[in-house]
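1. below are the sequence and a predicted model for it; my questions follow.
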Amino acid sequence: MSRSAVGAFAVLTAGVLWGTTGTAASLAPSVPPIAIGAFAMGVGGLLQALIAVRALRTARVGLSRARWLVLLGAGAVVVYPLAFYASMRLAGVAVGTVVSIASTPLFSAILERVVDRVRFTRRWAVAALLAIGGSAVLCFSRAEEGGAGAAATVWGVVLGLAAGLAYAVFSWAVHRVMRSGVPRAAAMGAVFGAGGLALLPVVIATGGPILAGPTTVSVALYLALVPMFLGYVCFGVGLDRIRASTATTLTLCEPAVAAVLAVAVVGESLSFAGWLGLVAVGIGLGVLVMPVPRAGRRSPPSPATAAAGPVHSSRFSPAR
């Protein structure tokens, strides 16, 4: 299996793990979304740093040179769960989820175009359009709550865009730290460890309901250890092998996995439109990861070719 194929598989694995969070979080409905999100992201990030202690020591010179990227990524790790869950609270689950999901790969691609001078390609555009559109249809088909007020919706959309940008920024920052020569474990440990440490005050202030009983504790620990810790380990493996814009597009498998689990495990139903959205996501991700035929001339690197060459529900839930 090629290096890029391993990266794509690792990111898809992360997306599958993240997709289990909605089902898991449904077992602890009494815990506020922002509390369980901050706990999962915070503890998961600190565990990333814990397993990378030796790598962090070895790479301290490289990390010092890339300290502004590390701080930028850590700040984005803090902003993401807070902005995302506030967006869902203000604008509703469907709107908050769609804005965050749709904007993340677009922000990633813009960062790569502006900063890294990477060109867009038709293949990436087609894959992103299918995956983003399918995710949007899927999210709205599962929406059950009533509409929010106009002002709340506007602020919810703004915060959803902030969440999408934050997710794109920490994915891009980790990728750039790795490209600077810092090993994957050290890059992930530094960015997510610092972000997790900064999230601890939020956990202390809001996490009381997590300790209400064995079920809520078990759910919180599962979300921190499996989707957040193990999921981001896989995501880091992917970021070391493919571009951030490709990775964040591949993670659009997350709402699809969440929808399937909701139907199969929780007993929810999915409308015809929802199934169409599911199919569109699958086709889009298939377009992105399928091998590129060898051509007679070389084309410039891009978010599309990255999948074949050199990214707290699913997002419906309070776990990511």
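-> Thanks, I have it.
2. what segments of the stretch 1-150 of the chain are helices?
-> Applying DSSP state H, counting those that start in this stretch to the stretch 1-150 of the chain gives helices spanning 3-19, 21-25, 33-51, 53-58, 60-65, 67-91, 93-114, 122-142, 150-179.
3. quick one: contacts for the nearest residue to residue 118 once chain neighbours are set aside?
-> In space, residue 118 comes closest to residue 112 once its chain neighbours are excluded; the distance is 4.1 Å by C-beta to C-beta, 6 or more residues apart in numbering. Yep, even glycine has a C-beta here, placed from its N, CA and C like the rest. Contacts for residue 112 were tallied using C-beta atoms under 8 Å, 6 or more residues apart in numbering; they are 118, 172, 243, 244, 245, 303.
4. for residue 112, give its distance to residue 119.
-> Using C-beta to C-beta, to the nearest Å, residue 112 is found at 9 Å from residue 119.
5. ok, now residue 282?
-> For residue 282 relative to residue 119 (C-beta to C-beta), the value is 26 Å.
6. neighbours of residue 2, how many?
-> 11 (other C-beta atoms under 10 Å).
7. for the remainder of this discussion, apply numbering that starts at 177.
-> Shifting the count to begin at 177 puts that one at residue 178.
8. ok, which of the helices of the stretch 177-326 of the chain comes nearest residue 404?
-> helix 209-227 (2.9 Å; C-beta to C-beta).
9. test my guess that residue 255 contacts residue 338.
-> Yes - here residue 255 reaches residue 338: they are 6.5 Å apart, a contact under C-beta atoms under 8 Å.
10. any regions of the stretch 177-326 of the chain where pLDDT drops low?
-> 269-270, 318-325 (pLDDT under 70).
11. report how many residues lie close to residue 447.
-> For residue 447, the count of nearby residues is 13 (other C-beta under 10 Å).
12. check residue 240 too.
-> Residues near residue 240, counting by other C-beta under 10 Å, number 9.
13. next: residue 343.
-> Around residue 343 sit 31 other residues, with neighbours defined as other C-beta under 10 Å.
14. please apply the same query to the one 4 residues further on.
-> Number of residues near residue 347 (other C-beta under 10 Å) recorded here: 30.
15. now do the phi/psi pair for residue 297.
-> Dihedral pair for residue 297: phi -130, psi 160, per degrees, to the nearest 10.
16. kindly provide the distance from it to residue 273.
-> Using C-beta to C-beta, residue 297 is found at 27 Å from residue 273.
17. next: residue 412.
-> Residue 412 sits at a distance of 24 Å from residue 273 (criterion: C-beta to C-beta).
18. looking at these two, which one has more neighbours?
-> Ranked by neighbour count (other C-beta under 10 Å), residue 412 and residue 273 place residue 273 first, with 30 against 26.
19. hang on, isn't the more buried one packed against residue 315?
-> Yes - using C-beta under 8 Å, residue 273 is in contact with residue 315, at 4.7 Å.
20. which among the helices of the stretch 177-326 of the chain is found nearest to residue 390?
-> helix 197-201 (14.4 Å).
21. could you pull out the helices in the stretch 327-476 of the chain for me?
-> So, for the stretch 327-476 of the chain - with DSSP H, counting those that start in this stretch - the helices run 360-382, 390-399, 407-415, 420-426, 429-437, 448-465.
22. so can I have JSON lines of those helices showing mean pLDDT and distance to residue 216?
-> Below are the helices of the stretch 327-476 of the chain laid out as JSON lines (pLDDT from 0 to 100; distance: least, C-beta to C-beta, whole Å):
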{"stretch": "helix 360-382", "mean pLDDT": "95", "distance to residue 216": "10"}
{"stretch": "helix 390-399", "mean pLDDT": "94", "distance to residue 216": "4"}
{"stretch": "helix 407-415", "mean pLDDT": "95", "distance to residue 216": "10"}
{"stretch": "helix 420-426", "mean pLDDT": "90", "distance to residue 216": "19"}
{"stretch": "helix 429-437", "mean pLDDT": "83", "distance to residue 216": "14"}
{"stretch": "helix 448-465", "mean pLDDT": "85", "distance to residue 216": "24"}
